[in-house]
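**Q** Sequence plus predicted model, see below.
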Amino acid sequence: MNMYLLINIIGLFVFLAIGVLFSKKRKEIQWKSIIIMVALNLLMAWFLTSFDVGRAIVSGAAEGFNWLVQVAYVGIEFALPSWVHVKSMDFVTSALLPILLIVPLFDILTYIGVLPFIIKWIGKGLSFITGQPKFESFFAVEMMFLGNTEALAVSSLQLKKMKPERDVTLAMMSMSCVTASIIGAYIQMMPGRFILTAIPINIINAIIVTSLLNPVKVDAVEDTVATISNDDEGKKEPFFSFLGDSILGAGKLILIITANVIAFVALAALIDKVLQLVNPWLTLEHILGIIMYPFAWLLGLNSHDSFQMAQYMGTKLVTNEFVVMGKVTDIINKFDPHFKAVLTVFITSFANFSTLGMIIGCFKGLVDKGKNDIISKNVGYMLLSGILVSLLSAAFVGLFVW
């Protein structure tokens with residue numbers, strides 16, 4: 001284990017070094033801030049994985065989401081009794097249909113002001129601790145609750161006012177998000193305590209990586225958080241109208257995820273069939289496994305687990321996290337604890353090729369053509385940012401789970 005721990009530590013430094021290597025302005029990297037954030041993530045990973053109190057916090061949160069899912073099953077059972085509590089519930093029923101409760105719940109918390117209050121003050125605290133600009137810190141927290149496109153949409157005024165370099169930072173950060181309303185689905189398929197450990201660590205890593213790849217100086221005049229009223233008259237939409245839109249949005253989200261999973265799994269199978277015409281060994285997973293192998297090995301895994309991890313990493317980037325979760329959900333508890341931890345943490349994000357299209361499409365509707373062109377030119381940096389955040393988060397947590 002000592003050798004693999006050493007490799008994990010080396011991997012952590014390598015992943016940070018890649019951020020420095022590809023930095024747009026190496027001389028402007030704020031090293032004091034980076035060191036503070038790395039130390040913060042080390043402490044957080046250590047606390048949440050190695051202390052009884054820390055483990056109790058994430059286990060309690062996981063149980064809370066599981067409780068919500070069980071409550072959601074009451075509604076599902078009423079409408080579709082033959083789909084619930086059967087010997088083997090399918091992916092849509094067990095993981096996705098509970099979203100119909102969880103999304104409106106988080107939207108209600110937003111409507112009554114609870115969630116914006118939490119996001120605002122956590123963001124302010126994060127900015128104070130890390131020395132990073134207020135809005136970037138605010139956005140890092142916001143996107144982990146609301147999702148990437150939703151966080152961008154509610155930040156439209158800020159995006160229009162900020163300089164293009166800061167918009168690029170937000171686009172890069174958006175690759176590393178998850179959505180609080182979808183955590184219940186994740187926890188039904190993967191170890192909940194590692195899912196919930198990954199989320200706060202991803203927040204800090206999103207700031208670390210963007211601070212390395214795209215350092216931007218923000219003066220005191222620019223370091224503000226723009227606000228906008230709910231509509232031109234500052235009035236809220238009627239509650240039940242709002243709730244109806246939220247439920248409809250949750251239904252659309254389920255259809256989008258289901259369609260993506262079906263399409264990506266089928267396309268991957270099609271590619272495999274074509275590749276196997278050349279050589280029976282050739283598959284998309286094998287090719288991706290070879291490409292991603294060095295990075296998986298740097299997470300402190302043995303050779304066999306490294307190749308398996310690399311295939312899952314590649315599959316996740318080309319398709320999405322649900323495809324990988326579907327592959328491993330029945331076998332992950334048989335994995336070595338370290339392998340289980342780093343795999344779960346790595347796939348706990350939206351970092352994949354399809355997310356690129358979502359973010360670029362979102363910016364097209366929010367900013368002018370000049371800013372959108374700059375975002376589009378940084379697609380490579382956006383993907384690199386998402387990959388590095390996932391690798392760093394896996395490396396941080398992996399240090400303390402063996």
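**A** Great, that's in hand. If you're wondering where the values come from, they're calculated on a predicted model, not measured in any experiment.

**Q** quick one: low-confidence ranges for the stretch 151-300 of the chain?
**A** 154, 181, 221-222, 225-235 (pLDDT under 70).

**Q** Where do the helices of it begin and end?
**A** 156-161, 164-173, 183-187, 192-213, 239-278, 284-297 (DSSP state H, counting those that start in this stretch).

**Q** so which of the ones you listed gets nearest residue 383?
**A** Smallest distance to residue 383 across these (Cβ to Cβ): 9.2 Å, for helix 164-173. In short, each C-beta sits where N, CA and C put it, glycine included.

**Q** before we move on, the earlier item: residue 335: which of the helices of the stretch 151-300 of the chain is closest?
**A** Among those, if distance is taken as Cβ to Cβ, the winner is helix 192-213, at 11.3 Å.

**Q** buried set for that closest one?
**A** Across helix 192-213, burial judged by 16 or more other Cβ atoms under 10 Å covers 192-213.

**Q** now stretch 381-388
**A** For stretch 381-388, by 16+ other Cβ under 10 Å, it's 381-388.

**Q** Tell me how far stretch 243-254 lies from the chain's centre.
**A** Stretch 243-254 sits 21 Å away from the centroid of its parent chain (Cα atoms, centre = their mean, to the nearest Å).

**Q** now do stretch 153-165
**A** For stretch 153-165, the distance to the chain centre is 21 Å (Cα atoms, centre = their mean).

**Q** what's the first-to-last distance across it?
**A** 18 Å (Cα to Cα, to the nearest Å).

**Q** What residues of that stretch count as buried?
**A** Neighbour count says stretch 153-165 has 155-156, 158-159, 162, 164-165 buried, by 16+ other Cβ under 10 Å.

**Q** how far does stretch 163-179 stretch from start to finish?
**A** Per Cα to Cα, the first residue of stretch 163-179 is 26 Å away from its last.

**Q** Mind putting the buried residues of stretch 153-165 into TSV with distance to residue 266?
**A** Listed next are the buried residues of stretch 153-165 as TSV, based on distance: Cβ to Cβ, whole Å:
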residue	distance to residue 266
155	35
156	35
158	39
159	35
162	40
164	38
165	40
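
**Q** So which of these is the closest to residue 97?
**A** residue 155 (29.8 Å).

**Q** Which parts of the stretch 1-150 of the chain are helices?
**A** Under DSSP H, counting those that start in this stretch, the stretch 1-150 of the chain gives helices at 2-21, 31-50, 52-79, 91, 99-111, 114-130, 134-146, 148-154.

**Q** Buried deepest among those, which one?
**A** Using mean count of other Cβ atoms under 10 Å, the stretch among those with the largest mean neighbour count is helix 134-146, at a mean of 25.

**Q** now that one and helix 99-111, what's the angle there?
**A** Here helix 134-146 runs at an angle of 150 degrees relative to helix 99-111 (axes from the mean of the first three to the mean of the last three Cα atoms, to 10 degrees).

**Q** Now helix 134-146: average pLDDT?
**A** Per-residue pLDDT over helix 134-146 has a mean of 81.

**Q** which helices and strands sit right next to it?
**A** helix 99-111, helix 114-130, helix 148-154, helix 164-173, helix 192-213 (3 or more Cβ pairs under 8 Å, 6 or more residues apart in numbering; DSSP states H and E).

**Q** Residues in contact with that helix: which ones?
**A** 106, 110, 115, 118-120, 122-124, 126-127, 130, 150-152, 154-155, 158, 162, 166, 169-170, 173-174, 177-180, 199, 202-204, 206-207, 210, 223-226 (Cβ atoms under 8 Å, 6 or more residues apart in numbering).
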